[in-house]
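A.B. asks: Here is a sequence with its predicted model. Questions after.
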Amino acid sequence: MRLGRGGNSPRGRDLGSNEERPDMPSYHPQRIEPKWQAYWERHKTFRAPDAPTSKSKLYILDMFPYPSGAGLHVGHPEGYTATDILCRYQRMRGRDVLHPMGWDAFGLPAEQYAIKTGTHPRETTRANVDTFRRQIKALGFSYDWDREVDTTDPGYYKWTQWIFLQLFDTWYDPDYEWVDPSGAARVGKGRPIAELPIPEDATDADAYRDSKRLAYRAEVPVNWCPELGTVLSNEEVVDGRSEVGGHPVVRTPLKQWMLRITAYADRLIDDLEDLNWSRAIKDMQRNWIGRSEGAEVDFAVEGNAASIRVYTTRPDTLFGATYLVLAPENPLVDAIATPECARGVAGYRDAAARKSDFDRAELSKTKTGVFTGAYAVNPVNGARVPIWSADYVLMGYGTGAIMAVPGHDERDFEFATAFGLPITRVVAARVEDAGLPLDAAESAYGVAVNSRNDSIALDGLPTAEAKSAITSWLEARGLGKKTVQTKLRDWLFSRQRYWGEPFPIVLDENDRAHAVPESELPVVLPELADFKPSGRPEPPLGKAADWVRYSPTLRRETNTMPQWAGSCWYFLRYLDPKNDARPWSRELERLWMPVDLYVGGAEHAVLHLLYSRFWHKVLFDRGEVSTPEPFQRLINQGMILGEVEYTGFRDSGGAWVSAEHARGADESLTRVKLEEEDVVKKGEGFVLASEPAVRVDARAHKMSKSRGNVINPDAVIAEYGADSLRLYEMFMGPLEAVKPWSMKGVEGVARFLGRAWRLVIDHDAEEVQLDDRVRDVELTTEQAKLVARTVAAVTDDFEAMRFNTSISRLMEFVNAFQGFETRPKRALETFTLLLAPLAPHVAEEMWEALGHGATLAYEPWPSFDPALLKDDEVEVPVQVNGKLRARVVVPADAAADAIEAAAKADERVAQWLVGKTIRKTVVVPGKLVNFVVS
RNA sequence: GCCGAAGUGGCGGAAUGGCAGACGCGCCGGACUCAAAAUCCGGUGGGGUAACACCCGUGUGGGUUCAAGUCCCACCUUCGGUACCA
C-alpha cells in the first residue's frame, strides 16, 4: 500500500504497491523489518549476560508454547509483545535482562499425527518448531536465542529425568525443623530417602522406603481414556471427559507412577500469600487444593467387628446424623452388607463402576443408592442408624464414607427425602428455634440445638465452638480426631504414550523400581516404527524389546512422563542451557532467580503453575534452588476473540426470530450472519435495521478453526508489518482484559506509524533521509513541555504495563508535532526512543536516519526536567452546587483565596451566585472551585 | 449453586474521589484530485437552540460526600473458573 504523495512523486504516476517499488522511502515495514531482525541476529544484540551484575537483574519470562501444527495464533504475540516491550524498556534503563524462549514440544498431537501418517513425531515436532521460531522471529522479539530450549532434546530431558530421580530419592518429613537459605525457620522438608528412619517393626525396609518416596508406584483407580490410549491426571479430566479431544474417561485400577504433591499442599497454599499474582489465580489454586478442616469420627457397626470411619467438616452436627453412606467402591460395603441385601449392593456397585465419570456427573440430578441392611451406632446418642451405599459419596475423598446430616446438608437432604430417611434439626439461628421444622437443608452456621447427651451438651453453642467442643469430646474418648483434608490428590505421573520422557527407572523380577544410575542419563527414547496404542493400558515402548531388556533380571519402565514434566522446570534450564554436568549452575540460579515477571494464559492456572511450584519446592528442600517459589509476579493476558459478529435467527418458515426467543440450542432455527450495516443499536442491544422489533445477537466469539474467525499473524505482518501488529495488540486495551479483534484497529495503528515515519523521514526522497523540516535547533518552550509530558507519561505507563495508554500518548505527540513547520531533531530523537520498545523496527530505522550508527537498544531511556511539567497558568473548573458552570484561568501557583476571587469575578459564575447565599466554598488549588449555595 | 472479573458513545477503550468520554475505529463535512485511493484540516454522547444558554447522561435502586464512573449496601446482566470434595 503506497502511502506517498501520488502524482507529485519524482518517480511519476500511480505506480502501485511497495512490491513494485522496493526502494520507496515511505514507511515500508516489509523492507525495514527483515533488515533490523537480521541486524539484531548478526550482532547478537539481545544476548543476555551470563551472570547479571549486582542487583540490577530482571528475569522476564513468557510461557513457552507448544508448537502445534496450526502455527502461531494472535493470542501468542499478545503476552510476548508485552514482555518484549518491558524488556526493551528495561535494557534502556540499564537493567540486565534475561528474556529467553523455547519449546514445550512433547505431547499428544505429534503422536496422533504419527499414528495417522507414519511421520515420526520427531519430524513433526521439528517442522512445527521451525514454523514457530520463524513466526516469532518475524515479530521482532528480543529473545536471547542462544538460550533456546526444547523439551524433546535429549540434552534437555536428561535433566527432566534427573529431577525425577530427585523426587524418587526424596521423602517428606512434615516435622523436620530447619532454617532455609534466607534464614527463615521452617517446619517440614523433603529429605533424602537415605535419611528415612526405618521403624523396627518394618519387615521389608525397601518396601517401606518405596512407600514413602515422593515418586512412587501405586495401584490406584485412574482416569483411563481408551480413545487416547492413556491415563490422565485429575487435572486433565473435565466433566468426565478428556480435556484434550473430549473423549470419555473411565475409572479403572492400574499400577501407576504417582507424585506426592499432597505432601506439599499446605505450603502450596501458604506460600501463595507473598506472591504478586492476581487474586483470581490464587483463588483457583486454593480451591483446587481444597483444604478443609474437620474431624474423623468412628461409628461402630452393629453385630460386626468392623467400624466405619467418616470425615466431616461439621462435627457439630453429629447429633443430627441419621444414616451413613459408603461409596460404592468402599471395600467395607461387602464386609457389612447383610445376606438379604448383598445382591442388591453388588449390583449397585457394578452399575456404578460401569458408568463413566461423565455419566456419573450427568445423571447426578437424582440421587441413587442402596441399603446395605446393616446399622451403625451414632457414638453421641447411641441411635441406630442405617448404612447405605450411594455414588454421591466418592471413594477418593476423605474416608470414602460420610455421616449424613440431612437437616444441614443439601445432598443428604435430597437423598433422605428420596428414600424416606429421618431428618432432624441440630442447628438453628436461635436456641428458641430448636423446634422449627426443616423444609430444606440449612447449611448456614448458627447455634447447636437438640444436641446433648449425659456427658456433653452443645445446645446454645455457636457452630464454631460446637465444632471444637465435640471434637475434643470425641478425641478424649478415642472416637474421633481433628483432621485436615484436601481435594488435591497425588499427581498421576505416567502416561501410556510414546512421545514423552522415558522414566529413568528399571524394574526387577519382583516388580520393584530402581533408579537408573545418573551416569546413564539421558535414557533416550528408543526408535519405534509403530505408534499405535493397543487400546489396552500397555505402553507402546513395550514394543522396543531390546531397549526394555536392561539386563537379564531388569527391564525398563515403559511408561512415559506427562507433557507437564518438561514445563515444570524449563525456566531453570534457560539460566544455563548448555551445561552438561548439571541441570543448572547453582551460582547462576542464585543470581537470576526468581522469575521477576511471568506472563501467560490463565488456562494454566492450576495445571502448569501448580505442578511447577511443587517441583520447585522439592528442589528447594533438596538445596538445588535458592527460592521457595519460582514466579514472583504473574500476569495472565486476556484472550483475544474474533471480530464482532452479528447473528440473526430465522425459523423454518424463514421468518425472523428475535434473539431473546432463540436462547438455547433450538435446532429449528437457522443462524444468519449479518453485516454491520444490516443492524442498528436499540436500547441495550442490536436489532435488524429493516425490522426493529427483531433483536440480533452481537458478540465476539473465541477464535476457532470451525468458526472460521482465526486471524493469522503472518497475514497481518505481510499486510501491515510486525510493528503494527505489536502496536495493535497492545492498543486494544488492558493486557489482562478479554478483547475482540478488529482489522480496522490494525489499520488505525498502521496509519499512526505512517504519520510518525513522515514526521521524521522525507517520504518524497529516493533514499531514506530526514525530512527538510527536521533541524538541529533548540526546542521551543511549547515543544519542550510536550516532550517532557510525553516522556513522563510513557515512562509511567510502561512501569505500570499500561501499554494501551502509552501508545495514546505517542499518538498525541505526533498529532501535535505534525503542526510544527520546524521539528527539532532532539525532540524527534526522544520520540524515537520512546517508540522503540513498542515498534522497534521502525524506531531503529528512524534512529539510523537521525544519524546514529548503532542500534538504539541500549540507548539511555529519555529523562526530562520535572519543571517542564508545570504550566505557568492553569484552567480551573468552577462549580456551583457541584455543577460545572465556568472555567477560569489563574496562575499555576495561585493561592486558594486568589482562585476563589477569580472564580467569583467570572461573569457566568456571578450569574449563578446572584441572589443566593454561599454556604460553603471548596477550593482545591490548581484543581477546582465549588460554591455550595442556597 | 459457589468463587473471581467486568458493565462508560455506534465500536475498542481513557479518567490519584475533583472538567466523563483521552487515544483509536466508524461516521459527517472540507482541502487536494478529472476522479478515486492515500494524505491533510474540522466536527462527532443524547435532548434542546438560528446560535448560545440550559437539561439529561458511566447496568438498576439506595447511601456517604461540597463533589461519585470511582467509596459503601442491595440487586440485575455478561464473561471466566469450579461443582455431589461431606
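C.D. replies: Yep, it's here.
A.B. asks: Now do the helix or strand where A:Glu587 lies: which elements does it pack against?
C.D. replies: Element membership of A:Glu587 [criterion: DSSP states H and E] is helix A:586-592. Using 3 or more CB pairs under 8 Å, 6 or more residues apart in numbering; DSSP states H and E as the contact test, the elements touching helix A:586-592 are strand A:57-62. To be clear about C-beta, it is placed using only N, CA and C from the backbone, and glycine gets the same treatment.
A.B. asks: So what are the sheet partners of the strand it packs on and their directions?
C.D. replies: Its sheet considered, strand A:57-62 pairs with strand A:96-98 (parallel), strand A:597-601 (parallel) by DSSP bridges.
A.B. asks: where's A:Arg887, which helix or strand?
C.D. replies: strand A:883-891.
A.B. asks: Find out how far that strand is from the centre of the chain, if you would.
C.D. replies: Distance of strand A:883-891 from the chain centroid (CA atoms, centre = their mean, to the nearest Å) equals 48 Å.
A.B. asks: Can you show me the CA trace of that strand as CSV?
C.D. replies: Output of strand A:883-891 as CSV, limited to C-alpha atoms (Å, rounded to 0.1, in the frame of the first residue of the first chain):
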residue,chain,number,x,y,z
LYS,A,883,-22.3,21.5,38.6
LEU,A,884,-19.7,22.9,36.2
ARG,A,885,-20.6,26.5,35.3
ALA,A,886,-17.3,28.1,34.1
ARG,A,887,-13.6,27.8,33.8
VAL,A,888,-11.2,30.4,34.9
VAL,A,889,-7.5,30.8,34.1
VAL,A,890,-5.2,31.5,37.0
PRO,A,891,-1.5,31.4,37.7
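A.B. asks: can it be found next to RNA strand B?
C.D. replies: Yes - Strand A:883-891 is in contact with RNA strand B by CB under 7 Å from any atom of the strand, via A:883-885, A:887.
A.B. asks: sorry, back to before: any chance of CSV for the strands paired with strand A:57-62, columns mean neighbour count and mean pLDDT?
C.D. replies: Listed next are the strands paired with strand A:57-62 as CSV, based on neighbours: other CB atoms under 10 Å; pLDDT from 0 to 100:
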stretch, mean neighbour count, mean pLDDT
strand A:96-98, 23, 96
strand A:597-601, 22, 94
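A.B. asks: so which of these comes closest to RNA strand B?
C.D. replies: Nearest of the strands paired with strand A:57-62 to RNA strand B, taken as CB to the nearest atom of the strand: strand A:597-601 at 10.1 Å.
A.B. asks: of the residues of strand A:883-891 next to RNA strand B, buried ones?
C.D. replies: For the residues of strand A:883-891 next to RNA strand B, a neighbour count by 16 or more other CB atoms under 10 Å gives the buried set as A:Arg885.
A.B. asks: residues contacting A:Ala718?
C.D. replies: By CB atoms under 8 Å, 6 or more residues apart in numbering, the contact set of A:Ala718 is A:Gln30.
A.B. asks: Give the buried residues for the helix or strand where it lies.
C.D. replies: Assigned by DSSP H and E, A:Ala718 falls within helix A:713-720. Buried residues in helix A:713-720, counted by 16+ other CB under 10 Å: A:713, A:716-717, A:719-720.
A.B. asks: got TSV for these, with pLDDT too?
C.D. replies: Listed next are the buried residues of helix A:713-720 as TSV, based on pLDDT from 0 to 100:
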residue	pLDDT
A:Pro713	94
A:Val716	95
A:Ile717	95
A:Glu719	93
A:Tyr720	94
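A.B. asks: quick one: which of the residues you listed is nearest to RNA strand B?
C.D. replies: Checking those against RNA strand B by CB to the nearest atom of the strand gives A:Tyr720 as the nearest, at 11.6 Å.
A.B. asks: Which residue is the nearest non-sequential neighbour of the closest one?
C.D. replies: Distances taken as CB to CB, 6 or more residues apart in numbering place A:Ala750 nearest to A:Tyr720, at 4.5 Å, with adjacent residues excluded.
A.B. asks: Compare the strands paired with strand A:57-62 and give me the one nearest A:Ala903.
C.D. replies: strand A:597-601 (47.0 Å; CB to CB).
A.B. asks: Does the following helix or strand past the closest one reach RNA strand B?
C.D. replies: Going down the chain from strand A:597-601, the next helix or strand is helix A:607-621, by DSSP H and E. No - figure legend: helix A:607-621 not in contact with RNA strand B (CB under 7 Å from any atom of the strand); closest approach 8.8 Å.
A.B. asks: what angle do helix A:607-621 and strand A:597-601 make?
C.D. replies: Computed by axes from the mean of the first three to the mean of the last three CA atoms, to 10 degrees, the angle separating helix A:607-621 from strand A:597-601 equals 150 degrees.
A.B. asks: helices or strands up against helix A:607-621?
C.D. replies: Using 3+ CB pairs under 8 Å, 6+ apart, the elements in contact with helix A:607-621 are helix A:154-168, strand A:185-192, helix A:265-270, helix A:279-289, helix A:564-567.
A.B. asks: Could I get the pLDDT score of A:Ala265?
C.D. replies: With respect to pLDDT, A:Ala265 scores 94.
A.B. asks: quick one, domains of chain A?
C.D. replies: Domain ranges of chain A: A:193-263+A:490-565, A:292-485, A:640-707, A:871-933, per automatic domain parsing.
A.B. asks: how about the strands in the stretch 201-350 of chain A?
C.D. replies: For the stretch 201-350 of chain A, the strands defined by DSSP state E, counting those that start in this stretch cover A:215-225, A:230-232, A:237-238, A:241-242, A:250-259, A:292-301, A:307-312, A:323-326.
A.B. asks: Around A:Pro628, how many other residues sit close by?
C.D. replies: 21 (other CB atoms under 10 Å).
A.B. asks: quick one on the thing from earlier: A:Trp584: which of the strands paired with strand A:57-62 is closest?
C.D. replies: Comparing those by CB to CB, strand A:96-98 comes nearest, at 12.5 Å.
A.B. asks: Could you list the buried residues of the helix or strand containing A:Pro877?
C.D. replies: Per DSSP H and E, A:Pro877 falls inside strand A:873-880. Within strand A:873-880, the residues that qualify as buried are A:874, A:876, A:878-880, counting by 16+ other CB under 10 Å.
A.B. asks: Need the max-distance pair from these.
C.D. replies: Once CB to CB is applied, the buried residues of strand A:873-880 give A:Val874 and A:Val880 as the farthest pair, at 19.7 Å.
A.B. asks: give me the low-pLDDT residue ranges for the stretch 651-800 of chain A?
C.D. replies: Where the stretch 651-800 of chain A drops to pLDDT under 70, the residues are A:663-667.
A.B. asks: Need the nearest residue in space to A:Asp530, chain neighbours excluded.
C.D. replies: In space, A:Asp530 is closest to A:Lys543, 6.5 Å off (CB to CB, 6+ apart).
A.B. asks: what does A:Lys916 give?
C.D. replies: With CB to CB, 6+ apart as the criterion, A:Lys916 has its nearest non-adjacent residue at 3.9 Å, and that residue is A:Val933.
A.B. asks: Contacts only, for the one you found.
C.D. replies: Listed by CB under 8 Å, 6+ apart, the contact partners of A:Val933 are A:880-881, A:912-913, A:916-919.
A.B. asks: Provide a PyMOL selection command restricted to the buried entries of those residues.
C.D. replies: To isolate the buried ones among the contacts of A:Val933 in PyMOL, judged by 16+ other CB under 10 Å, type:
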select buried, chain A and resi 880+912+913
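A.B. asks: related to what we said a few turns ago, save the domains of chain A as TSV, and put in distance to A:His43 too.
C.D. replies: Converted to TSV, those look like this (distance: least, CB to CB, whole Å):
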stretch	distance to A:His43
domain A:193-263+A:490-565	34
domain A:292-485	56
domain A:640-707	33
domain A:871-933	43
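A.B. asks: closest to A:Leu810 out of the ones you listed?
C.D. replies: That would be domain A:871-933 among these, by CB to CB, at 21.1 Å.
A.B. asks: How far off centre is the closest one?
C.D. replies: Worked out by CA atoms, centre = their mean, domain A:871-933 lies 50 Å from the chain centre.
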